[in-house]
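> coordinates for the following, if possible.
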Amino acid sequence: MSRGPETVVEQPVSGYAASARRPGGRGLSAVLPGLPQLLGGRWGTGAMALLTWLGMGLILAARSDRVLAATAGGWDQRVALATLLLALLASWIWSWREVAEADRLKTVGVSQWDLAVRAFSKNRTAVAGMIVIVGLYLVALLTPFIAPHDPNTQYDLLTNRLVGMSAEHPLGTDQFARDVLSRLLYGARISLSIGFVAVGISVTIGTLLGAIAGFFGGFIDGAIMRFVDMVISFPRLILLITIIAIFEPSIFLIITVLGLTLWPSTARIVRGEVLSLREREFVQAAEALGYPKKRIILRHLIPNALAPVIVAATLGIGNTIVLEAGLSFLGLGVQPPTPSWGTMVAAGRNNLLGAWWLSTFPGLAIVFTVLSFNLVGDGLRDALDPRLRS
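Model prediction:
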């Protein structure tokens, strides 16, 4: 992988570094990870580490019975247990190591990626969006420990049907007397997983095809880009509805269809980057040394074209969540009784006045999730573009 140019900077003993070097800095990070960073002015990363540590500790204390039972439970409970332990360990190790690194101040080489991370951390709205996203994925993975009820359990229809917010049901119940909060939490697992995996598939396909088209050019470039134009020319929603209507709707089918139809925009972005990169000196040097074309593409061109791909993927996850919610709303997405945010909005559309909470809370979850991804995408775009860094 080719590295960007390094800039030698002198790190002054001030701000966060000075705070981290105070006596007891490591002790604070051992007791409350993230607290030294907060005291040093790095509120974004410090708040993320501290909130993660406190949240995991609260779950461990309040749901100790579920945590102990997870060792012999199903795969989702074991995933939740692994997430809980890894989040505790990761937040502690990260805070401790960062304080330790601050004790060894010296003149160091700073890469372009380091500069991008610093620029991103200065964007408070983007950092806030990142905190929300990390929190959402942690909640989704820890749902078996957090959800107050089973999402598919139907209570007494006579007394618990369409009941408003209460201590037993904080977000009320639906028309089948099921707990809305539990279904909202389990629905987050479906919606967030579909968005992440589908975008991962589309980014992988688009990056590989765009890099091949940009590097080889000629007939290969023309054939790939004409195929891209053909895929883009189809109305995406109609194509999705047609494919899902032919086959039986399932989570696997939705992920596959979304992943195989969202890649053309990424392919165009990567092709444009590779067309510029292939004329650079490091690519010409690699060709002169006789490196295989596969190695040049995978180890030199693609890593240096990742910046716009990361931005496109971040924005694409939000768009995919909205698209999946739309399909579920039309009855072509995740099928009942499996909860997802789109199916919950669709289920409550006939009771918007009498039971407004049925559609309001999953709708707000979609809005805040997509907004957070868009804020992070905008922050990454500004941080990864050297011309936009302040």
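> and residue 340, its phi and psi?
Taking degrees, to the nearest 10, you get phi -150, psi 160 for the backbone angles of residue 340.
> show me the contacts for it.
Residue 340 makes contact with 187, 190-191, 194, 324-325, 328, 333-334, according to Cβ atoms under 8 Å, 6 or more residues apart in numbering. To be clear about C-beta, it is placed using only N, CA and C from the backbone, and glycine gets the same treatment.
> look up how far residue 83 lies from it.
Between residue 340 and residue 83 the distance, using Cβ to Cβ, to the nearest Å, works out to 20 Å.
> next one: residue 54
Noted for residue 54: a distance of 16 Å to residue 83, by Cβ to Cβ.
> ok, those two, which is more surrounded?
residue 83 (17 against 14; other Cβ atoms under 10 Å).
> surely the more buried one meets residue 138?
Yes: if you go by Cβ atoms under 8 Å, residue 83 and residue 138 touch, sitting 6.9 Å apart.
> can you list the domains in the protein?
Following automatic domain parsing, the chain resolves into domains at 7-110, 157-388.
> so which of those domains is the most packed in?
Mean neighbours per residue, mean count of other Cβ atoms under 10 Å, is largest over these for domain 157-388, with a mean of 18.
> ok now that one, how far from the chain's centre?
Distance of domain 157-388 from its chain centroid, counting by Cα atoms, centre = their mean, to the nearest Å, is 10 Å.
> for it, what is the average pLDDT?
Model confidence over domain 157-388 averages 86 on the pLDDT scale.
> please shift the residue numbers so they start at 30 in all later answers.
Yes, from this point I'll number from 30; that puts the last item at domain 186-417.
> ok but residue 217 is inside a helix, no?
Yes: the assignment for residue 217 by DSSP: H, G, I helix; E, B strand; the rest coil puts it in a helix.
> and residue 218, how far from residue 165?
Distance, residue 218 to residue 165, by Cβ to Cβ: 10 Å.
> whoops, residue 365 was the one
Distance, residue 365 to residue 165, using Cβ to Cβ: 23 Å.
> got it, and residue 224?
Computed as Cβ to Cβ, the residue 224 to residue 165 distance reads 11 Å.
> can you check residue 301 too?
Separation of residue 301 from residue 165 (Cβ to Cβ) stands at 32 Å.
> what ranges do the helices span in the stretch 180-329 of the chain?
Taking DSSP state H, counting those that start in this stretch as the test, the helices found in the stretch 180-329 of the chain are 186-189, 209-245, 247-262, 265-275, 280-290, 293-306, 310-317, 322-325.
> closest to residue 180 out of the ones you listed?
Nearest to residue 180, of all these, is helix 209-245, at 4.3 Å by Cβ to Cβ.
> residues near residue 165, how many?
By other Cβ under 10 Å, neighbour count at residue 165 equals 18.
> and the helix or strand containing it, what's buried?
Here residue 165 sits within helix 153-170, counting by DSSP states H and E. Of the residues in helix 153-170, 155-162, 165-170 count as buried by neighbour count, 16 or more other Cβ atoms under 10 Å.
> so which elements touch it?
Contacts defined by 3 or more Cβ pairs under 8 Å, 6 or more residues apart in numbering; DSSP states H and E place helix 153-170 against helix 72-91, helix 104-131, helix 141-150, helix 209-245, helix 386-413.
> can you say which of these is nearest to residue 62?
Nearest of the helices and strands packed on helix 153-170 (Cβ to Cβ): helix 104-131, 3.6 Å.
> distance of the residue of the chain most remote from its centre from residue 398?
Going by Cα atoms, centre = their mean, the residue of the chain most distant from its centre is residue 187, 40.6 Å out. Between residue 187 and residue 398 the computed distance is 35 Å (Cβ to Cβ).
> repeat for residue 117
Noted for residue 117: a distance of 25 Å to residue 398, by Cβ to Cβ.
> over to residue 298?
Residue 298 is 23 Å from residue 398, by Cβ to Cβ.
> list the contacts of the closest residue to residue 404 other than its chain neighbours.
Excluding the flanking residues, the one nearest residue 404 by Cβ to Cβ, 6 or more residues apart in numbering is residue 158, at 3.3 Å. Residue 158 is in contact with 400-405, 408, counting by Cβ under 8 Å, 6+ apart.
> residue contacts, residue 312?
Residues near residue 312 by Cβ under 8 Å, 6+ apart: 306, 325, 329-330.
> do that again at 10 Å, thanks
Residues near residue 312 by Cβ atoms under 10 Å, 6 or more residues apart in numbering: 31, 244, 303, 306, 320, 325-326, 329-330, 333.
> equivalent analysis for residue 97, please.
The contact partners of residue 97, by Cβ under 10 Å, 6+ apart, come to residue 110.
> avg pLDDT for the helix or strand hosting it?
Using DSSP H and E, residue 97 maps to helix 93-98. In this model, helix 93-98 has a mean pLDDT of 88.
> sketch out the low-pLDDT regions of the stretch 30-179 of the chain for me.
30-60, 70, 128-142 (pLDDT under 70).
> can you tell me which residues contact the closest residue in space to residue 112 that isn't next to it in sequence?
Leaving aside its sequence neighbours, residue 112 sits nearest to residue 170 (Cβ to Cβ, 6+ apart; 4.2 Å). Contacts for residue 170 (Cβ under 10 Å, 6+ apart) come out as 105, 108-113, 115-116, 217-218, 221-222.
> what's the closest of the residues you listed to residue 256?
Using Cβ to Cβ, the contacts of residue 170 come closest to residue 256 at residue 222, 28.6 Å.
> what distance do you get for that closest one to residue 234?
According to Cβ to Cβ, residue 222 and residue 234 sit 19 Å apart.
> and residue 62, what is it in contact with?
Residue 62 sits next to 75, 77-79, 81-83, 117-125, 127-128 when contact means Cβ under 10 Å, 6+ apart.
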